[in-house]
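Colleague: Provided below are the primary sequence and the corresponding predicted coordinates.
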Amino acid sequence: MAEPTLLPISIEGVSFVAGGRRVLDGVAALIATPGITAIIGANGAGKSVLLRLIDGLIAPHAGAIRFGGRDSATVRRGFVFQTTALLRASVARNVALALAPLALARAERARRVDTALFRVGLASRAQDSARRLSGGERQRLGLARAWVIEPELLLLDEPTASLDPGATEEVERLVRAMADAGAKVIIVSHNLAQVARLAEDVLVLSRGRVVEHGSVQQVLRHPADAETRAYLQGELPWMPHAAGS
Amino acid sequence: MFATFADAVILLGSLDPAVIATAWLSLRVSLAAVGVGCLIAIPLGALIGVARFPGRQAAIVVLNALMGLPAVVVGLLVYLTFSRSGPLGFLGLLFTPGVMIVAQTVLITPLIAALTRQIVEDADAEFGEQLRSLRLRPLQRVGALIFNVRFSLVVAVLAAFGRAIAEVGAVLVVGGNIAGFTRTMTTAISLETQKGDLPLALALGIALMAIVLLVNAFAAGIREFAARRHG
């Protein structure tokens, strides 16, 4: 029997405090659309923290995050970080690391690793040292490490922040392919052009709160919220005139 | 002094069987102690590096302090443990190479564990979140971290080997410096110096330095090869 969908992802009054600072303050949102959701906002808005809370890497101090009717622990999640940390080992072994928690036969493990590397275009580098990969290849390895577990939910934290346009395009193509394959993707990005290219809906965070959530066209072209407008115009959100403009 | 040095070189050149046997015993005992010490200390140090538990900071302070454990004190404690009236006296290991391995293991285990703890903790700060995101179980995470810092751990192992092969106090107390049986390079150097046989003491000293140099060169070679292969 097929597993029930993890949608909608319901973020219910989530707060998180770090170092005495309230990083997230009662965040509430309902992510109901399949495909790709982008989270945008100024530095320090709490985007990466929210992504880690959705992943379960950290626990909220208040509130909860629910995945449809699913038990959170059963949701297969992949996480790609801004820079992918690599084991001092081959490319294939780095991807296989993600399969360690699963009790798979050796042949099945090898098959999955080969498939994931083929999908991201690193099959020919399988036995090379992962540390010798370029920045773009490292991020593709990060995607392969997420892909190999066949995630239902893929979380990306500024995955192309340090990549050139060519590598960025390649990563975006892979992210789109994973979404098309059925994974729900949530991406944190400062690159608004990327958000416009990839996302179906956008969630805007400002100072630890959700200030706007809507379709990509609506949020990027006709933002309803003053802080969103200020952010999109490149203004500084903590300047008094920005929010009121 | 030059005459003493020349005599020492002649002794080494003649490959004196007693010197060879003493060097071999030193090497065997210290390598065995390092092997056993690594089996205990690397997982222990890594666990302390990664785990968060009440009293962790105190445990780290104690572990670091134990790096300065005096060899003679270790020798005394191991002696008491393995002496005829001690809890492990029935094993009859006192004044054997076996108990010398035990003493050196006790001496170097805190050193390896403390260095491993620091190395793994630093690696966890860099890599730990990504390992947690892969849903690895705690022991799998520790294993992955140890694997990832294996080249750095070579330094900890070499430091432990250096301490083991260079120490006199513990092996002297528990081994008894019995010629041809428990006499190591360091205890022999100490004895020959006291007897006034300076050429032999110096020859042993040169041989000891050569062993340490060779082991370090070998480890550096392996490290270089592996680092070149895996970046």
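Modeller: Received, thanks. Numbering: from 1, shown residues only, chains lettered A, B, ... in the order given.
Colleague: The lengthiest helix in chain A: how far from the chain's middle?
Modeller: Ranked by number of residues, the top helix in chain A under DSSP state H is helix A:165-180. Between the mean C-alpha point of helix A:165-180 and the mean C-alpha point of its chain there is a distance of 13 Å (CA atoms, centre = their mean, to the nearest Å).
Colleague: contacting residues around that helix?
Modeller: Contact partners of helix A:165-180, identified using CB atoms under 8 Å, 6 or more residues apart in numbering or on different chains, comprise A:34-36, A:119-121, A:134-136, A:139-140, A:143, A:146-147, A:151, A:154, A:156, A:159-160, A:163, A:185, A:187, A:191, A:194, A:197-198. Glycine gets a C-beta too; all of them are placed from N, C-alpha and C.
Colleague: Put the alpha carbons of it into CSV.
Modeller: Output for helix A:165-180, consisting of C-alpha atoms alone and laid out as CSV, is shown next (Å, rounded to 0.1, in the frame of the first residue of the first chain):
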residue,chain,number,x,y,z
PRO,A,165,26.3,30.2,-13.4
GLY,A,166,27.0,27.0,-15.2
ALA,A,167,27.2,24.9,-12.1
THR,A,168,24.1,26.7,-10.7
GLU,A,169,22.1,25.8,-13.8
GLU,A,170,23.1,22.2,-13.5
VAL,A,171,22.1,22.0,-9.8
GLU,A,172,18.8,23.7,-10.6
ARG,A,173,18.1,21.2,-13.4
LEU,A,174,18.7,18.3,-10.9
VAL,A,175,16.5,19.9,-8.2
ARG,A,176,13.7,20.3,-10.8
ALA,A,177,14.2,16.7,-11.8
MET,A,178,13.8,15.5,-8.2
ALA,A,179,10.7,17.6,-7.8
ASP,A,180,9.3,16.1,-11.0
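Colleague: Which stretches in chain B count as helices?
Modeller: Defined through DSSP H, the helices belonging to chain B, from first to last, are B:2-13, B:17-50, B:56-66, B:71-82, B:97-133, B:138-148, B:150-166, B:169-175, B:185-195, B:198-230.
Colleague: Just list what the shortest one packs against, helices and strands only.
Modeller: The one in question is helix B:169-175. In terms of contacts (3 or more CB pairs under 8 Å, 6 or more residues apart in numbering or on different chains; DSSP states H and E), helix B:169-175 is packed against helix B:71-82, helix B:97-133, helix B:185-195.
Colleague: elements contacting the last one?
Modeller: In terms of contact count using 3+ CB pairs under 8 Å, 6+ apart, helix B:185-195 is assigned the packing partners helix B:17-50, helix B:150-166, helix B:169-175, helix B:198-230.
Colleague: Convert the third one to PDB, retaining C-alpha atoms only.
Modeller: C-alpha atoms of helix B:169-175 as PDB (Å, rounded to 0.1, in the frame of the first residue of the first chain):
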ATOM      1  CA  GLY B 169      59.700   4.100  34.900                       C
ATOM      2  CA  ALA B 170      56.800   1.800  34.200                       C
ATOM      3  CA  VAL B 171      58.600  -1.000  32.400                       C
ATOM      4  CA  LEU B 172      61.400  -0.900  35.000                       C
ATOM      5  CA  VAL B 173      59.000  -1.300  37.900                       C
ATOM      6  CA  VAL B 174      56.800  -4.000  36.400                       C
ATOM      7  CA  GLY B 175      59.400  -5.700  34.100                       C
END
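Colleague: Report the mean per-residue pLDDT for that helix.
Modeller: This predicted structure assigns helix B:169-175 an average pLDDT of 93.
Colleague: And for residue A:24, the neighbour number?
Modeller: 27 (other CB atoms under 10 Å in any protein chain shown).
Colleague: cool, and residue B:176?
Modeller: Residue B:176 is flanked by 17 other residues according to other CB under 10 Å.
Colleague: can you pull the contacts of it?
Modeller: Neighbours of residue B:176 in contact, by CB under 8 Å, 6+ apart: B:94-95, B:182.
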